[in-house]
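Enquirer: The amino acid sequence is not available; the structure is as follows:
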């Protein structure tokens, strides 16, 4: 794929890719930005190449997911070192951006809390289907599981989420 076309496709997909990176990074926007940047570098320098077997969107989401997993594996040492430094620093003031405002609502907070209580696979498949508009089969490709396993995680995740949400938030 031509580099200009690749860049424009990544740019068009960026808002959804950032949302997926947030989900892969447990809603940590700094980690999501770092993971997404590392994924884009892999794509642009050719270490990750699209072979056309999945949709471009599904492939990018898989690269982001794999990059986030690599990032988590390497972050425990960084976290240990940074935790000691953070004891002496004041937390920065949060910026009032649209995402922070939306996340700040009570319903969003309750939904996030319920989603955080789901097993990882259930949370991932629900995020891919509801937030990113993928089909369950496309989500299976991103998650590197069979379509049947993705359907099971999807169904169980919906049932568990329904049970965890307060009545007023249930459909």
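Expert: It's in. Being a predicted model, the structure only gives us computed values, none of them experimental.

Enquirer: who's in contact with residue 7?
Expert: residue 44 (C-beta atoms under 8 Å, 6 or more residues apart in numbering). Every residue, glycine included, has its C-beta placed from N, CA and C.

Enquirer: What helix or strand is it located in?
Expert: Using DSSP states H and E, residue 7 falls within helix 3-24.

Enquirer: cool, residue 51 as well?
Expert: Per DSSP H and E: nothing holds residue 51, as it lies in no helix or strand.

Enquirer: Give me the phi and psi for it.
Expert: Residue 51 adopts backbone torsions of phi -100, psi 0, taken as degrees, to the nearest 10.

Enquirer: hey, where'd the strands end up in the chain?
Expert: Taking DSSP state E, the chain contains no strands at all.

Enquirer: ok now do the closest residue to residue 32 other than its chain neighbours, which residues does it touch?
Expert: Closest residue in space to residue 32, ignoring its immediate chain neighbours: residue 21 at 3.9 Å, by C-beta to C-beta, 6 or more residues apart in numbering. Residues near residue 21 by C-beta under 8 Å, 6+ apart: 32, 33, 35, 36, 39, 64, 68.
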